[in-house]
Every structure is written in C-alpha cells, then in structure tokens.
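In: The following comprises the amino acid sequence and a computationally predicted model.
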Amino acid sequence: GREDVVRDYVDWFAPYQFADGMVPCCVDDRGSDPVPENDSHGELIYNIAEYYRYTGDKAFLEKMWPHVTGAYDYMEKLRASERTEENFMRNPAFYGMMPVSISHEGYSAKPVHSYWDNFWALRGYKDAVMLAGALDKSEDAARFSTARDEFSGDLIASLGAAVRQHNLDFLPGSAELGDFDATSSTIGLTPGGEQQRLPQDLLTNTFERYWKEFTDRRDGKREWKDYTPYEWRNVAAFVRLGWRDRAWDATAFFFKDRAPQPWNQWAEVVSRTPRTPFFVGDLPHAWVASDFVRSVLDMFAYGRESDASLVIAAGTPTRWFEGKGIGIAELRT
C-alpha cells in the first residue's frame, strides 16, 4: 500500500538511465555504473508497469514513457546484435538472446547468455506493450508486440537448443553451461509469467530436482556448507505449481535461518556453521527480503497471467481452512 515509496524510487532512479537507453545495474556516489548487466532494462520497465498496475497513475506513466521507450530501444539493439546468421551458426542457443553479461553473480568469472537476463527482457517487452496500450499509443503497441512475440519465440527456441546440446531434462540457467539453477529459473514463472508457455516436463523436473536437493539438505542426507536465501523465490514457484505443502515446508525451513531471528531478516548467505567465520554478504539483504514478501503474498493471492485470473490461497496450509477459517483484509493485487 505504499505506492508513494515506489514512485519516489522510480522518479529518483530513472534519470540515471544512459542516453542510449541502457539501464545501469546500480548507482553509487560516482553515478551510473556502466558494467553491462542485461536484466536491468526489463526490470526498469517492469517497475514502472507495476506502479501503473497498482495505481492507474497515467500522469506519472507519461513522465516515465521516455524511459520505457529508451529501455525498449536498447533491448532491441542488444537482441539484434545476437540475431544474426553468423551467431546462429556459432550456436543456435545464442540466437536473438540478450548478449552475455554477469548480472547473475554466479557468472561473474565469465559472462554467459543467461536466461535470467532473457526472462527479465521478455517481462520488459510484455510490459512495454501493456504500457503503450494504456497511453493509447497504438503504433508503439503494435511495434512492441511484434518484438515481444519474436523474442518470446527465440527464447523458447534457445532453451530447446541448450537442452539438446547439454542433454538436459531441466531448464538451464545459461546457454553455455547448461547449469542447474532453479532459483534463477523462478523468474520465468514470477514475475515472468511464462509458466504455461514453458516446456512442462522441463519445468516440473527443474523444481522436482530442487525439492529433492532441498529436502536432502534439510534432512541431513547430504553435506552442505552454505546457501543463499534467494531460495525464497522457490516458494512462489511451488505455489504456482500447486505444491501447497512443499511451499509451507520450505517456508518453515527458511524461517529458522533468520539472522538474528528476533530481527526478522535474512543475510545474503546462510552458513551451516554460523559461529565460524564466513562470507555473510549484506545483512539485512533487501533482495532476499523482497523475495520473502512476494512469496508470502503469493501464498494468499497471485495474478495468473495466462488467463488474467486471481488465484486465492494456493499456498496457505489446508489446516487454516478448518473451523472459522482465515481471512485477509486490504490485500493489494
């Protein structure tokens, strides 16, 4: 219910966008960081779109429109650079995707074609179409729709190529590595909204494998050193997959790793041996906090993009429905 905070943040951040439309990965006391991280462009469009979806504030949308079109144009330039016959012959999984980047920290040693970036780009394309329609910019909406559909098709084709190249039965994290990274793949479901379009066998296998690895860690069946509570995102994925009990079991596990527990926050890294020195990262970690908030809200209600429906209580424990049941007031959707 604090749309004023969202507006203030977007109003402050958007002017740091570069003249060519590139959205900086971060801003510090030196200004806009020029390191290419190709999730940022779609994220800015999505942020503006979310504010509009919740408020209907067309005046602010008009003000932000140049930033939307700038990010869109920059994404178009990026994907055009990869959408060449030469690139297809080099590796069809690269064709039409966002170029390599290190926006996913796991790829900081060597930039790759990350599906994290590409799901965020698709989210940006889809929201650019919606925002153009909201402002009655029919020519822009038609142009954006063509790009959205083309990129969406290329993304599904890229995933298929990577799966074949690496002989996978799950969604890969990147085209080059064919790596397993369910926590990253969650972005395809939320906020990506691609659950019904993704190959269903790969989607199910991805989160079945995550669940197996999660329970083995939880139940002491495998050795582990640490993990990142970004894994909260998997709770939202479980909710969307209809895995109510798994969503709640994961929630109970993650709650035990608040640091310190009375502060109701998570560090960037959770260690199995917290009393020995280790890299803790940020404490508290705002991105982890946002993953927690989004996942918990999804337990009570989430919007399903494929049929524009509101799904109620898909993640709450069934025992809560007994007796007087439960209710929730003033939930923003």
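Out: Noted; the coordinates are in hand.

In: tell me the contacts of the closest residue to Leu44 other than its chain neighbours?
Out: Of all residues not flanking Leu44 in the chain, Val23 sits nearest, at 4.6 Å (CB to CB, 6 or more residues apart in numbering). Using the backbone N, CA and C atoms, a C-beta is placed for each residue, glycine as well. When contacts are counted by CB atoms under 8 Å, 6 or more residues apart in numbering, Val23 touches Gln17, Ser40, His41, Glu43, Leu44, Ala71, Tyr74.

In: Also Gln17?
Out: So Gln17 contacts Val23, Pro24, Ser32, Leu44, His67, Gly70, Ala71 (CB under 8 Å, 6+ apart).

In: separation between it and Pro66?
Out: 9 Å (CB to CB, to the nearest Å).

In: For the closest residue in space to Ala182 that isn't next to it in sequence, pull up the helix or strand it's in.
Out: Nearest residue to Ala182, sequence neighbours excluded (CB to CB, 6+ apart): Tyr210, at 3.7 Å. Assigned by DSSP states H and E, Tyr210 falls within helix 200-218.

In: Can you name the next helix or strand after that helix?
Out: Next element after helix 200-218 (DSSP H and E): strand 226-227.

In: Kindly calculate the angle that the helix or strand following that next one makes with helix 200-218.
Out: Toward the C-terminus, strand 226-227 is succeeded by helix 233-241 as the next helix or strand (DSSP H and E). Inter-element angle recorded for helix 233-241 and helix 200-218: 130 degrees (by axes from the mean of the first three to the mean of the last three CA atoms, to 10 degrees).

In: Heading C-terminal from helix 233-241, find the next helix or strand.
Out: Later in the chain than helix 233-241, the nearest helix or strand by DSSP H and E is helix 244-255.

In: which other helices and strands contact that following helix?
Out: Applying 3 or more CB pairs under 8 Å, 6 or more residues apart in numbering; DSSP states H and E, we find helix 244-255 packed against helix 200-218, helix 233-241, helix 286-300.

In: how big is the angle separating the shortest one from helix 286-300?
Out: For helix 233-241 against helix 286-300, the angle between stretch directions is 20 degrees (the same axes, to 10 degrees).

In: Who are the packing partners of helix 233-241?
Out: Using 3+ CB pairs under 8 Å, 6+ apart, helix 233-241 sits against helix 182-185, helix 200-218, helix 244-255, helix 286-300, strand 301-304.

In: Of the ones you listed, which stretch is the most buried?
Out: Each of the helices and strands packed on helix 233-241 was scored by mean neighbour count; the highest is helix 182-185, a mean of 23, by mean count of other CB atoms under 10 Å.

In: one step back: in terms of distance to Thr273, which of the contacts of Gln17 ranks first?
Out: The closest of the contacts of Gln17 to Thr273 turns out to be Pro24 (CB to CB; 36.8 Å).

In: how about the nearest residue to the closest one once chain neighbours are set aside, what does it touch?
Out: Leaving aside its sequence neighbours, Pro24 sits nearest to Ser32 (CB to CB, 6+ apart; 3.9 Å). Going by CB under 8 Å, 6+ apart, Ser32 touches Tyr16, Gln17, Phe18, Pro24.
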